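Undergrad: Predicted structure and sequence below. I'll ask about it afterward.
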Amino acid sequence: MRCSGPRTRRKAWRRSSRSGRAIGRDTDMARVGFIGLGNMGGGMAANLAKAGHDVRAFDLSAEALAKAEAAGCLPVASAAEACDGAEAIVTMLPAGTHVAQVYTESVFGAAPPSAILIDCSTIDVATARQVAEAAQAKGLAAVDAPVSGGIAAAAAGTLTFMVGGTPAAFDRAQPYLATMGKAVIHAGTNGAGQAAKICNNMILGSTMVATCEAFALAAKLGLEAQAFYDIASVSSGQSWSMTSYCPMPGVGPDTPADHDYQGGFATALMLKDLRLAVAAAEDAGAPVPMGAKARELYEALADAGEGGRDFSAMLPFLASRQAR
Ligand code: NAD
């Protein structure tokens, strides 16, 4: 029989947002260790707590810990403490070095043998495979489960998870991931989730650049942005970058372009994903000329001081480089 999910009857401890006192209550839940409560992890941990799980949360940032506490998690003093007695351990950290360090220094020593390790960070395929192998050598089951969807989807519990690991490990991780997302897809063996993530984002980076340069050229040729959108969004130039995340302000759905390119998916994160994709392609001997060009352009955008703005800020950047 396939795994039925993380259901353990146990007492949960939450803090009252009014009194700050710990309140105990009985409910069906699992104890979940959550490490990395940033833009994405904060919302994800909150959704696990909202679903009734007993979330032991850790981050290096006191501010992130305070937000997690207000969202119903129990803040703890270390990553090892978050793992103590946990049935599932979720990590949502910036990059592969952080994941390898947290796993080696804290998770492997503190996780119960029955725990399922779920890394949701976007990291390189090689590190994802190394930490999974190290986990398996210690008798622990691990999956890589990077996400598609930004901060809003993390908060709303509508992420898409692409999961690498054995079928048995996938079945154990699935109920926790389903609490935080709208789709949980088994991509293959360990590392396959990360492979899917970087290939997907290589398409996204390339189509965003293409959409931005088309809008900039259209303007230069005297074409109204709205007219171009109306045509391209129902023609063969259509893509997610055009119709769901239009980089031209005032056109299409409400996007970061309508908010001076604030919020959304930071240029620095897109650059990180494109670097991972191009490095993986080099290792594999696979030509990715479009992905490499997109990486080069996002490097230029980040070098221009735009690393913190949404990645659709490629449009004003390209427009500013046009000959007058
Ligand atoms: P973030 O920088 O906001 O959060 C990372 C958190 O990890 C920070 O709060 C930091 O203090 C914490 N941290 C770092 N080292 C730690 C350690 N040793 N122990 C405990 N905590 C530690 O980043 P984010 O935007 O939440 O992204 C997290 C991951 O999700 C990244 O891998 C990113 O590529 C991926 N991702 C982000 C988005 C997005 O839109 N932001 C979308 C999809 C995927």
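TA: Right, received. Where do you want to start?
Undergrad: Now do the strands in the stretch 151-300 of the chain.
TA: For the stretch 151-300 of the chain, applying DSSP state E, counting those that start in this stretch gives strands covering 159-164, 181-188.
Undergrad: do the same with the stretch 1-150 of the chain
TA: Counting by DSSP E, counting those that start in this stretch, the strands of the stretch 1-150 of the chain are 8-15, 22-29, 31-35, 54-58, 74-75, 88-91, 116-119, 141-144, 147-148.
Undergrad: What strands flank the fifth one, and is each parallel or antiparallel?
TA: The reference is to strand 74-75. Partners of strand 74-75 in the sheet, by DSSP bridges, are strand 54-58 (parallel).
Undergrad: what does the stretch 151-300 of the chain put close to the ligand?
TA: The interface of the stretch 151-300 of the chain toward the ligand, taken as C-beta under 6 Å from any ligand atom, is made up of Ile151, Phe265, Leu269, Lys272. The C-beta positions use only the backbone N, C-alpha and C, and glycine is treated the same way.
Undergrad: residues in contact with Thr207?
TA: Going by C-beta atoms under 8 Å, 6 or more residues apart in numbering, Thr207 touches Ser239, Trp240, Ser241, Met242.
Undergrad: re earlier: which of the strands of the stretch 1-150 of the chain has the lowest mean pLDDT?
TA: Note on the strands of the stretch 1-150 of the chain: lowest mean pLDDT is at strand 8-15, with a mean of 36.
Undergrad: nearest to Asp124, of the strands of the stretch 151-300 of the chain?
TA: strand 159-164 (12.6 Å; C-beta to C-beta).
Undergrad: okay if I get the residues of the stretch 151-300 of the chain next to the ligand as TSV plus pLDDT?
TA: Shown next, in TSV, are these (pLDDT from 0 to 100):
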residue	pLDDT
Ile151	85
Phe265	88
Leu269	91
Lys272	96
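Undergrad: Which of those residues fall within helices?
TA: Judged by DSSP state H, these include Ile151, Leu269, Lys272 as members of helices.
Undergrad: Phe311 versus the last one, what's the distance?
TA: Read that as Lys272. 11 Å (C-beta to C-beta, to the nearest Å).
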